[in-house]
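**Student:** I'd like to go over a predicted model; first the sequence, then the structure.
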Amino acid sequence: MIGSIRWNLGSGLAVAAVVFLVSIQGNPFVLSLLRSLYSFAMIFIFVFGIRYAFGTLLKAEPNSSGGDSNHGKGGSVDYVTPPDDLDVKGLYQSSESDSEQHSAEAEESDDFVPFQPPRIVRKEENVDPEELAKAIRSKLSDE
């Protein structure tokens with residue numbers, strides 16, 4: 001756990017004081033005192049949980065079960081840059097030719113056939129509005 005019991009006492013007293021000052025304006029003295037006591041107890045316990053969570057998250061102990069097998073892994077990254085005399089345009093052209101070869105191979109394989117749904121075609125272009133109204137009315141009367 002991080003910190004000491006003083007964090008609990010200080011935060012509990014601060015919240016209790018604020019609750020007492022806010023609640024004394026509209027409530028009797030004993031009721032305001034009781035509410036501030038309740039708020040002190042809740043915050044006192046809540047701060048224990050916060051301190052425990054921070055202590056668990058910020059603890060920096062090595063994993064004792066794994067030994068030193070992971071020691072140093074991920075500590076540094078070894079970057080390799082390409083040489084200065086490398087032809088960048090040649091790299092792009094070679095990648096384009098590779099993609100063309102892959103697309104040509106994909107066209108030759110008979111395993112994949114793309115989905116080609118039937119096209120929806122309207123039969124009559126000029127439909128009488130009265131026929132549409134009758135169809136809608138009959139549909140609505142059926143339900």
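**Tutor:** Perfect, I can see it now.

**Student:** in the helix or strand where Ala41 lies, what counts as buried?
**Tutor:** In this assignment (DSSP states H and E), Ala41 forms part of helix 29-58. By neighbour count on 16 or more other C-beta atoms under 10 Å, the buried set for helix 29-58 is 32-33, 35-36, 39-40, 43-44, 47, 50-51. Bear in mind the C-beta positions are built from the backbone N, C-alpha and C, glycine included.

**Student:** helices or strands next to that helix in the packing?
**Tutor:** helix 5-23 (3 or more C-beta pairs under 8 Å, 6 or more residues apart in numbering; DSSP states H and E).

**Student:** Give me the helices and strands touching the helix it packs on, please.
**Tutor:** Applying 3+ C-beta pairs under 8 Å, 6+ apart, we find helix 5-23 packed against helix 29-58.

**Student:** avg pLDDT for the helix it packs on?
**Tutor:** Per-residue pLDDT over helix 29-58 has a mean of 92.

**Student:** Could you tell me the angle between that helix and helix 5-23?
**Tutor:** Interaxial angle of helix 29-58 relative to helix 5-23 (axes from the mean of the first three to the mean of the last three C-alpha atoms, to 10 degrees): 140 degrees.

**Student:** helix, strand or coil for Glu131?
**Tutor:** helix (DSSP: H, G, I helix; E, B strand; the rest coil).

**Student:** how near is the residue lying closest to Arg51 once chain neighbours are set aside to Leu9?
**Tutor:** Counting by C-beta to C-beta, 6 or more residues apart in numbering, Arg51 lies nearest to Met1, which is 4.8 Å off, once chain neighbours are set aside. Counting by C-beta to C-beta, to the nearest Å, the gap from Met1 to Leu9 is 14 Å.

**Student:** One more: Leu33?
**Tutor:** Taken as C-beta to C-beta, the span from Leu33 to Leu9 is 18 Å.

**Student:** hang on, the earlier thing: among the buried residues of helix 29-58, give me the pair with the biggest separation.
**Tutor:** Ser32 and Arg51 (28.3 Å; C-beta to C-beta).
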